[in-house]
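*Asks:* build me a model from this:
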Amino acid sequence: MIMKKVIKKKVKSDNLSLAVKYRPLDFDHVYGQDGVKELLITHLALDSCPRVMLFYGPRGCGKTTVARIVANMLGARGRDLVEFNIAHTGGKDRAREIADNANYAPFESDVKIYIFDECHRATKDFQDALLKVIEEPPPYVYFIFCTTEEDRLLATIKSRCTPFEFSPLKSADLKKVIDNILESEDEVIDTSLVREIISQVDGDCRRAIKLLEMTFGVEEPNIESILPIASRKDIRELCRALLDGKGWKIVSGMLKGLREEDHEQIRRAVLRYMGKVLLSGDNIRAYMILEAFSEPWHSVGGYNGLIYSCYAVAKAKELMKI
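*Replies:* Prediction:
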């Protein structure tokens with residue numbers, strides 16, 4: 001059987017981020033992803049683990065962590081576990097180097113494993129150069145591709161992979177992660193703040209842990225004090241309401257909770273949000289909102305300017321008839 005005893009390396013926790021400090025080292029500590037874990041554990045137990053795997057799903061749901069656990073269980077040690085962040089290295093020459101090196105026997109293990117993180121950022125040439133080696137990998141080699149955007153991979157790459165779909169973590173699983181860290185760190189925060197953190201992260205465990213870490217050492221922390229304004233749920237909801245053409249009654253209700261905020265930051269957050277919408281496809285309403293929020297509100301004041309711009313967007317159809 002190729003599955004090896006899992007080695008759990010103890011690392012010094014001083015100065016480590018919580019996300020690194022509490023990164024799971026085995027499947028028992030991976031929350032969520034029950035279907036993926038069950039399949040992988042079965043494959044490992046039966047010595048039938050696919051040679052080329054594709055882990056895909058949203059950010060912060062454990063793809064790279066699980067890839068490392070699989071590599072550990074397969075017995076990859078030291079130089080026989082090679083991890084690439086394709087955002088930094090995704091050219092044709094590197095792919096050819098990987099393909100050539102895969103043909104050499106492992107240094108100190110029975111297997112050699114390559115993990116490609118953010119593989120959707122690989123160039124076409126990089127992917128083409130890997131096709132032959134992933135179609136017929138040496139008997140001791142495994143490839144694990146991790147991505148948030150599997151649709152950007154070449155069809156020829158995907159057809160050679162066994163896919164494993166990862167899902168955002170459920171609220172109950174995120175709460176278990178947070179509760180475990182709070183207990184281990186001997187920290188206490190209000191349960192309402194825990195709920196707020198969970199509601200803000202859309203199932204992204206890594207982001208939940210980062211937000212949690214920002215509450216440590218803060219007297220009476222709240223979600224506004226730890227969350228960048230552009231990422232806050234109420235700002236995103238305002239952007240969506242404007243984009244969806246919600247009526248002034250709904251939009252004005254949202255604005256009442258923003259009186260004491262930094263309105264210039266809100267303006268810039270709306271611009272960034274609408275810019276992303278336009279980059280993802282044609283959207284005339286997003287363009288109209290960009291126009292309405294394009295100029296700073298120095299002359300009328302921040303809050304009044306926010307009201308003015310939002311009213312102009314919400315009432316655009318009526319104003320055009322005047």
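
*Asks:* show me where pLDDT drops low in the stretch 201-322 of the chain?
*Replies:* Counting by pLDDT under 70, the ranges of the stretch 201-322 of the chain that qualify are 222-231, 299, 317-322.

*Asks:* need the contact list for the residue lying closest to residue 27 once chain neighbours are set aside.
*Replies:* Spatial nearest neighbour of residue 27, excluding adjacent residues (C-beta to C-beta, 6 or more residues apart in numbering): residue 37 at 5.2 Å. In short, each C-beta sits where N, CA and C put it, glycine included. Listed by C-beta atoms under 8 Å, 6 or more residues apart in numbering, the contact partners of residue 37 are 27, 30, 66.

*Asks:* got the buried residues for stretch 244-256?
*Replies:* Applying a neighbour-count criterion of 16 or more other C-beta atoms under 10 Å, one finds 246, 251, 254-255 buried in stretch 244-256.

*Asks:* oh sorry, the question was meant for stretch 129-148
*Replies:* Across stretch 129-148, burial judged by 16+ other C-beta under 10 Å covers 129-130, 133-134, 137, 140-148.

*Asks:* can you give the distance of that stretch from its chain's centre?
*Replies:* Relative to its chain's centre, stretch 129-148 lies at 23 Å (C-alpha atoms, centre = their mean, to the nearest Å).

*Asks:* now do that stretch, average pLDDT.
*Replies:* Stretch 129-148 carries an average pLDDT of 95.

*Asks:* can you pull the buried residues of stretch 298-308?
*Replies:* Across stretch 298-308, burial judged by 16+ other C-beta under 10 Å covers 302-303, 305-307.

*Asks:* how far is that stretch from where the chain is centred?
*Replies:* With C-alpha atoms, centre = their mean, you get 35 Å for stretch 298-308.

*Asks:* ok, residues contacting that stretch?
*Replies:* Under C-beta under 8 Å, 6+ apart, the answer for stretch 298-308 is 252, 255, 258-259, 262-264, 266-267, 296-297.

*Asks:* which one of the contacts of residue 37 has the most neighbours?
*Replies:* Among those, residue 66 has the most neighbours (other C-beta atoms under 10 Å), with 23 neighbours.

*Asks:* so what's that one up against?
*Replies:* By C-beta under 8 Å, 6+ apart, residue 66 lies in contact with 27, 30, 33, 36-37, 40, 55, 166.

*Asks:* hmm, back to that, redo the contacts of residue 37 as JSON lines? Include distance to residue 312 and pLDDT.
*Replies:* JSON lines is the format used below for the contacts of residue 37 (distance: C-beta to C-beta, whole Å; pLDDT from 0 to 100):
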{"residue": "27", "distance to residue 312": "54", "pLDDT": "96"}
{"residue": "30", "distance to residue 312": "49", "pLDDT": "95"}
{"residue": "66", "distance to residue 312": "48", "pLDDT": "98"}
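
*Asks:* which of those residues lies closest to residue 178?
*Replies:* For the contacts of residue 37, the closest approach to residue 178 (C-beta to C-beta) belongs to residue 30, at 15.3 Å.
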